[in-house]
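Colleague: What follows is a predicted protein model with its sequence.
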Amino acid sequence: MQRLSWVEEELSALKAEGRYVPIRTIESAQGSWVTIGGKKVLNMCSNNYLGFANHPETKKAAIEAIEQYGVGAGAVRSIAGTDEIHARLEEKIAKFKHMESALVYQGGLLANVGTIPALVGKDDVIFSEELNHASIIDGTRLSSAKRIVYKHLSVEDLEKQIRENRSAFKKALVITDGVFSMDGDIAPLPEITEVAEKNDVMVYVDDAHGEGVLGDHGRGIVNYFHLEDRVDIEMGTFSKALGSMGGFVAGSADLIDLLKQKARPFLFSSALNPGDAAAVLKAIEILEKDDSLIKKLWHNSDILKKSLSDVGYNTGHSKTPITPVIIGDEKKTVELSKMLYDEKDVFASPIVYPTVPKGTARIRLMPSAVHTDADIKVAVDAFTDLGKKLHII
Ligand code: PMP
């Protein structure tokens, strides 16, 4: 097996550098507490912001859809047709987002990887935020467009890059995460759209962490800034606040029509399962009626951030429930996470390079609407005790 010896070498190197992250197997449903290896642990690292991953109404909707439509979509929609539930979901998203039309994908990653190459090609340019999600980077690579990276949150740098480069290309697209997943900060979208409009640049926002969190009843970052008529493409995922699986893009009716002819995950990969689609539909219906889960999420995250920073932790500059506890040193971060789990029954995974830049290793805490005040206190007490023990605080 000489030709595969590099695999073991690569794994050993990851372990030696402290960058090997063990992956836990969860035996229970998602929620504030989960069972791992027979042990109940406080779950602080799920993106299930509002608890919809295990909500009685989303589960019921999924079960009913499975009864009605089965467990598989059968084939790609361009060949085998669209299940009525997918069409209903697309209408619902467009309405919820105040956009003309929407297209559902099988995942958020696929929404980015599929849409970006359908929008721009080798004669075009993408102005991409420095900390954009990996799926945007991959979609950009697949598009063959020239990628020009601008500095994190810097409209000044974006404007400079556009001024210096725009005229050399046919089409231009600026892409940014709405909420940055590792830091919880928010893109300056009003200023970005202004610069883009002046320079004939399309605007694309990934709202994976804004849905169900920002805006009126969780409509997301575009609604939060009232930019529905100025953002051209709004991309999102169903796998976080909406609790299920899948992704989407929303935009003009023509744009969505074109994507159905060009986007490769639409043309070459089978559709989302009907049960997943039904669960998302139900989650949006609940949000339209009632935003109390969103309020609880923000309440929990405010307490968590304040308590951790009061005891001396660096929680960055998050403007959303995402709570990065920045340690810096990779080995120490992995050690803290292990001790939290072994000694305090707190499940909070370490996040290290290459997911975040070197020297900024962290434990990213994700409070949710289903955590109680007592749960948040368990997490804060555990971090306080171990932080002192490890001389982090
Ligand atoms: N974009 C961003 C900003 C994300 O954080 C994620 C999930 N990590 C995705 C896209 C991909 O979404 P999904 O998990 O639905 O594929």
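Modeller: Perfect, I can see it now.
Colleague: ok, A168 - contacts?
Modeller: By CB atoms under 8 Å, 6 or more residues apart in numbering, the residues touching A168 are V125. Quick note: C-beta positions are derived from backbone N, CA and C, even for glycine.
Colleague: Find the nearest non-adjacent residue to the residue of the chain found nearest the ligand, please.
Modeller: Among the residues of the chain, G108 lies closest to the ligand, at 2.3 Å counting by CB to the nearest ligand atom. Leaving aside its sequence neighbours, G108 sits nearest to T237 (CB to CB, 6 or more residues apart in numbering; 2.9 Å).
Colleague: list the helices and strands the longest helix anywhere in the chain packs on?
Modeller: Secondary structure assigned by DSSP state H gives helix 292-310 as the longest helix of the chain. In terms of contacts (3 or more CB pairs under 8 Å, 6 or more residues apart in numbering; DSSP states H and E), helix 292-310 is packed against helix 274-289, strand 323-328, helix 373-389.
Colleague: Which strands and helices lie in contact with the second one?
Modeller: This means strand 323-328. Right, strand 323-328 is packed against helix 292-310, strand 361-365 by 3+ CB pairs under 8 Å, 6+ apart.
Colleague: Just the buried residues of the first one, please?
Modeller: Right, the one you point to is helix 292-310. L293, I294, K296, L297, H299, N300, S301, I303, L304, K305, S307, L308 (16 or more other CB atoms under 10 Å).
Colleague: Give me the mean pLDDT for stretch 38-56.
Modeller: Rounded to a whole number, the mean pLDDT of stretch 38-56 is 97.
Colleague: Between the two ends of that stretch, what distance do you get?
Modeller: Stretch 38-56 has an end-to-end distance of 24 Å (CA to CA, to the nearest Å).
Colleague: any idea how far that stretch is from the chain center?
Modeller: Relative to its chain's centre, stretch 38-56 lies at 16 Å (CA atoms, centre = their mean, to the nearest Å).
Colleague: Flag every buried residue along it.
Modeller: So for stretch 38-56, counting by 16+ other CB under 10 Å, buried means 41-55.
Colleague: Could I get the helices and strands packed on strand 323-328 in CSV, plus columns for distance to L255 and mean pLDDT?
Modeller: Converted to CSV, these look like this (distance: least, CB to CB, whole Å; pLDDT from 0 to 100):
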stretch, distance to L255, mean pLDDT
helix 292-310, 29, 98
strand 361-365, 33, 96
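Colleague: Adding distance to the ligand, write the ones you listed out as CSV.
Modeller: CSV is the format used below for the helices and strands packed on strand 323-328 (distance: least, CB to the nearest ligand atom, whole Å):
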stretch, distance to the ligand
helix 292-310, 17
strand 361-365, 11
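Colleague: returning to that earlier point: the residue of the chain closest to the ligand touches H209, doesn't it?
Modeller: No: counting by CB atoms under 8 Å, H209 is not a contact partner of G108; they are 10.2 Å apart.
Colleague: more crowded one of the two?
Modeller: Remark: of G108 and H209, H209 carries more neighbours, 29 against 24, as counted by other CB atoms under 10 Å.
Colleague: show me what contacts E129?
Modeller: In this structure, E129 makes contact with V149, Y150, H152, L153, I175, T176, D177, A187, judged by CB under 8 Å, 6+ apart.
Colleague: and it, backbone torsions?
Modeller: The phi/psi pair for E129 (degrees, to the nearest 10) reads phi -60, psi 140.
Colleague: So which residues on this structure come close to the ligand?
Modeller: 107-109, 112, 133, 135, 177, 181, 206, 208-209, 237, 239, 247 (CB under 6 Å from any ligand atom).
Colleague: which residues of this structure fall in strands?
Modeller: Ranges of strands within the chain are 33-36, 39-43, 101-105, 125-129, 146-150, 172-177, 202-206, 233-237, 247-251, 323-328, 346-347, 350-351, 361-365, based on DSSP state E.
Colleague: Would you mind listing the outside residues contacting the third one?
Modeller: Right, strand 101-105. Contacts for strand 101-105 (CB under 8 Å, 6+ apart): 86, 89-91, 93-94, 111, 114-115, 246-253, 255-257, 259-260, 263, 265-266, 271-272, 277.
Colleague: Point out where this protein drops to low pLDDT.
Modeller: Within the chain, the stretches with pLDDT under 70 are 1.
Colleague: where's the spatially most central residue of the chain relative to T320, distance?
Modeller: Geometric centre of the chain, nearest residue: A208, 3.7 Å, by CA atoms, centre = their mean. Using CB to CB, to the nearest Å, A208 is found at 11 Å from T320.
Colleague: Give me the common contacts of those two.
Modeller: Counting by CB under 8 Å, 6+ apart, the shared contacts of A208 and T320 are V179.
Colleague: Next, format the strands of the chain as a markdown table and append distance to L14.
Modeller: Shown next, in a markdown table, are the strands of the chain (distance: least, CB to CB, whole Å):
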| stretch | distance to L14 |
| --- | --- |
| strand 33-36 | 22 |
| strand 39-43 | 24 |
| strand 101-105 | 31 |
| strand 125-129 | 27 |
| strand 146-150 | 26 |
| strand 172-177 | 26 |
| strand 202-206 | 28 |
| strand 233-237 | 27 |
| strand 247-251 | 29 |
| strand 323-328 | 18 |
| strand 346-347 | 21 |
| strand 350-351 | 13 |
| strand 361-365 | 14 |
